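*Asks:* Sequence below, structure please.
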Amino acid sequence: MGDNMMLNNNIKYCREELEMTQEELGYVFGVTGATVSGWENNNDTMPLPKMVKFANMYHYSLDYITGLSRKNDYSAIKKPNKEDVGAKLKSIRKQLGLTQKQIADECMITQQSYSLYENGKTLVTSLVLYTICYNHKLSIDKLLK
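*Replies:* Sure thing, here's the model as predicted:
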């Protein structure tokens, strides 16, 4: 992914609102405080399963965590299943009238990588999902429901 499309995330804000340190949040997810710092500073992206766990544990919407929405409209999100998410990505792409190559290009990944997501072989990354939702004004929360 290029530097021009990074999550406009609220992870740091949410963590501070919970009065947790980076180390404490890292402990919850089995990572270091430095990893949490990377998520907060967009040096790395929180993996989608961890982001869903964070959302459900602390009652934040994914759209709010990622900065797609300024409003926290939390409702529980099921654990992402790569086959279900892939089928939804494929359906959305077809509704938008786009090819896999077009979506892959806007996400700055290969068509082969995107195909693995759509075909349920690999779970889509948080950043690719964010990019698609940001570019097409979609909701991550609704996509994962």
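
*Asks:* Would you mind confirming that Leu96 makes contact with Asn135?
*Replies:* No - between Leu96 and Asn135 there is no contact under C-beta atoms under 8 Å: 9.5 Å. C-beta: built from backbone N, CA, C; applies to glycine.

*Asks:* quick one, what contacts Pro49?
*Replies:* 79-80, 123 (C-beta atoms under 8 Å, 6 or more residues apart in numbering).

*Asks:* For PyMOL, write the select line for the buried members of those residues.
*Replies:* To isolate the buried ones among the contacts of Pro49 in PyMOL, judged by 16 or more other C-beta atoms under 10 Å, type:
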select buried, resi 80+123
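
*Asks:* what's the closest of the contacts of Pro49 to Ala104?
*Replies:* The closest of the contacts of Pro49 to Ala104 turns out to be Leu123 (C-beta to C-beta; 16.2 Å).

*Asks:* Distance from the helix or strand containing Tyr13 to the middle of the chain?
*Replies:* Assigned by DSSP states H and E, Tyr13 falls within helix 11-17. The chain centroid and the centroid of helix 11-17 are separated by 16 Å under C-alpha atoms, centre = their mean, to the nearest Å.

*Asks:* by contact count, what packs against it?
*Replies:* helix 33-40, helix 48-58, helix 62-66 (3 or more C-beta pairs under 8 Å, 6 or more residues apart in numbering; DSSP states H and E).

*Asks:* okay, the residue sitting nearest the centre point of the chain: pLDDT?
*Replies:* With distances taken as C-alpha atoms, centre = their mean, the residue of the chain nearest its centroid is Ser126 (2.9 Å). Here the pLDDT value assigned to Ser126 is 94.
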